[in-house]
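Student: Fold the following, please.
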Amino acid sequence: MTVPAHPSFTQWYCEGQQASYVRTMKSPGGILNLLEVERPAGDMSRPAVSDIVLYQDLLGGSRVSGDLGGGRFDVISKKGDFALAAPNFATEAIMDESHQLRSLAFPMEQWQKILDEAADGGSVDFSLIYGRMFDSSTIRSALRKLWALCEEEGAPSRLLARAAGFEILAELCQLGGRPLA
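Tutor: Below you'll find the predicted structure:
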């Protein structure tokens, strides 16, 4: 684990050299940060940030290699699949084709206490799914609803954003083998 060089994923993406790739940014009150990016093939590695970041591949079909905090991987992405990047970890990711991603960043200052409470005295551990491509209809549905709320009604209320985030985190815990209490 490394010390974050940037306070948030969104700040790193939107204020630096990556800003030209951002197509859409939605941020409901700092509870969740949503980005859609379109990038050319190549290195999309980033420094450590304090957020847990969930990526969804909107195109699929690209070879992706690197490390998102769970060890080295080399896979062919599938349209709609997800990958999770660990907080406080400088990720490495190389894609061999142009790609379009949606990202959902969970600022840990907003979510750590909730995760600690939900773990019922234990700890939430996503390490089994960091950097693994996976499919989840539950996450896909929650993410689609969150994006739709942002498009139709402006930024969703803090309550709706928190509910959607918690639904997604609960599913990530389930996929990681440690369901929330």
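Student: From here on, just use CA atoms for contacts and neighbour counts.
Tutor: Will do.
Student: buried residues in stretch 60-68?
Tutor: 60-62, 64-68 (16 or more other Cα atoms under 10 Å).
Student: swap that for stretch 12-23, please
Tutor: Buried residues in stretch 12-23 (16+ other Cα under 10 Å): 12-13, 22.
Student: ok, of the buried residues of stretch 60-68, which one's closest to Ser8?
Tutor: Leu68 (15.8 Å; Cα to Cα).
Student: measure that closest one to Trp147 for me?
Tutor: Distance, Leu68 to Trp147, by Cα to Cα, to the nearest Å: 24 Å.
Student: which stretches of this structure form strands?
Tutor: Taking DSSP state E as the test, the strands found in the chain are 22-26, 33-39, 42-43, 52-57, 63-67, 72-76, 82-85, 92-95, 99-106.
Student: Among those, which comes closest to Glu117?
Tutor: strand 99-106 (16.2 Å).
Student: Just checking: what are the partner strands of the closest one?
Tutor: The strands that strand 99-106 pairs with in its sheet are strand 33-39 (antiparallel), strand 52-57 (antiparallel) (by DSSP bridges).
Student: ok, the residue most central in space within the chain - contacts?
Tutor: By Cα atoms, centre = their mean, the chain has its centre lying nearest to Leu54, at 1.7 Å. Leu54 is in contact with 82-85, 103-105, counting by Cα atoms under 8 Å, 6 or more residues apart in numbering.
Student: which one of the strands paired with strand 99-106 has the lowest average pLDDT?
Tutor: When those are compared by mean pLDDT, strand 33-39 comes last with a mean of 92.
Student: what bridges to the residue nearest to the centre of the chain?
Tutor: In beta-bridge terms (that is, DSSP bridges), Leu54 pairs with Leu84, Leu104.
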